[in-house]
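*Asks:* Sequence first, then the predicted structure, then my questions.
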Amino acid sequence: MKDKFYNYIQDLQNTITSKLEDIDGKAKFKEDLWKRTEGGGGRTRVIENGAVFEKGGVNISAVHGALPKTMQSYFGVKDADFFACGLSLVLHPKNPMAPTVHANWRYFEMYDQSGKIVDQWFGGGQDLTPYYLFEEDAKHFHTVCKTACDKHNPEFYPKYKARCDDYFYNAHRNEGRGIGGLFFDYCKADETMQMEDWYKFVTEVGDSFLEAYAPIVEKRKDVDYTKAQRDWQEIRRGRYVEFNLVHDKGTLFGLKTNGRIESILMSLPPRVQWVYDHQPEKDSEEEKLLTILKSPIEWV
């Protein structure tokens with residue numbers, strides 16, 4: 001399974017970066033191959049200062065070795081080995097009318113001292129972070145997510161949508177990071193789903209990413225905007241940074257397993273503002289966004 005899924009994310013990385021380069025029309029992804037001393041490595045691809053994407057990364061990795069002590073306590077195990085692979089992407093368009101997007105699809109195995117698999121699971125999802133809310137964009141993104149889920153189980157979309165709203169939440173700000181999407185983790189074999197079934201589901205979601213995001217960024221990338229709107233985008237990006245550094249489990253796992261810092265922090269946008277006690281104007285589009293982020297709604 002680990003070889004099968006790693007081959008899948010290698011192909012998916014190629015498909016996604018090729019499409020994003022076509023959308024940008026100017027910048028190309030810079031590729032950086034790296035190795036992890038303890039075992040494994042990855043292929044980082046970053047795009048910067050493009051016509052559309054101010055910064056973005058589409059990274060794959062496959063790492064293995066002894067599970068670090070910090071993660072042993074987290075999982076409640078002793079002296080275990082692990083394998084983890086996945087694709088993680090974040091895209092920050094320059095135009096504030098075009099949303100930031102994040103996605104991740106991953107697979108994990110844990111072994112006892114004899115090398116036997118004692119645990120394995122899939123995880124992942126995709127979520128949208130707009131700076132100005134276009135309801136048709138939100139509905140499109142969620143419709144694609146729901147369609148992918150419904151092919152496997154009609155209960156998946158409402159369950160994983162709710163988990164996404166709950167997970168990508170800046171509790172210290174009492175607001176969501178964005179308008180959500182899907183979030184699933186610890187997807188293990190049981191009486192209803194075998195690992196092969198989970199593989200088919202996760203790859204279905206991965207294959208749906210470009211359909212969910214590309215039409216939105218293509219529609220918004222050339223919309224006119226003001227400096228004030230750009231400032232608002234950079235202030236909101238600050239909340240994105242806060243979530244990733246304070247709450248995100250993926251960032252935590254990477255830092256505690258001696259992950260590659262450049263790859264872990266590639267999700268951070270290049271231009272950000274923190275303005276003291278910034279409040280949007282009453283009844284403005286900015287205030288409308290904050291109202292939605294305070295209380296998640298059902299888009300489809």
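*Replies:* Arrived safely, thanks for sending. Numbers count the residues shown, from 1 in each chain.
*Asks:* show me what contacts the nearest residue to K94 once chain neighbours are set aside?
*Replies:* Distance criterion C-beta to C-beta, 6 or more residues apart in numbering; nearest residue to K94, sequence neighbours excluded, is E54 at 4.2 Å. Heads up, the C-betas are built off the backbone N, CA and C, glycines and all. Contacts for E54 (C-beta atoms under 8 Å, 6 or more residues apart in numbering) come out as 48, 92-94, 269-271.
*Asks:* Helices of the chain, residue ranges please.
*Replies:* 2-24, 69-75, 135-150, 156-167, 195-220, 227-246, 249-256, 261-264, 285-294 (DSSP state H).
*Asks:* Would you single out the least confident of those?
*Replies:* Note on those: helix 69-75 shows the lowest mean pLDDT, a mean of 74.
*Asks:* Now do the phi/psi pair for the residue in the chain sticking out farthest from the centre.
*Replies:* In terms of distance from the mean C-alpha position of the chain, S114 ranks first, at 34.0 Å (C-alpha atoms, centre = their mean). The phi/psi pair for S114 (degrees, to the nearest 10) reads phi -90, psi -10.
*Asks:* Model confidence score at it, please.
*Replies:* Per-residue pLDDT puts S114 at 85.
*Asks:* check contacts around it.
*Replies:* Applying C-beta under 8 Å, 6+ apart, no residues contact S114.
*Asks:* Please tell me which one of the contacts of E54 counts the most neighbours.
*Replies:* Highest neighbour count within the contacts of E54, by other C-beta atoms under 10 Å: H92, with 26 neighbours.
*Asks:* Do I have it right that it meets P270?
*Replies:* Yes: the criterion here is C-beta atoms under 8 Å, and H92 meets it with P270 at 7.4 Å.
*Asks:* where do the contact lists of those two overlap?
*Replies:* With C-beta under 8 Å, 6+ apart, H92 and P270 have common neighbours 54-55.
*Asks:* Pull up the gap between L87 and C187, please.
*Replies:* Taking C-beta to C-beta, to the nearest Å as the measure, L87 falls 16 Å from C187.
*Asks:* Tell me which of those two has more neighbours.
*Replies:* Remark: of L87 and C187, L87 carries more neighbours, 25 against 21, as counted by other C-beta under 10 Å.
*Asks:* Can you name the residues bridging to the nearest residue to N104 once chain neighbours are set aside?
*Replies:* Leaving aside its sequence neighbours, N104 sits nearest to S88 (C-beta to C-beta, 6+ apart; 4.5 Å). Beta bridges link S88 to N59, N104 when assigned by DSSP bridges.
*Asks:* May I have the residues that are in contact with S88?
*Replies:* The contact partners of S88, by C-beta under 8 Å, 6+ apart, come to 57, 59-60, 103-104, 106, 250, 267.
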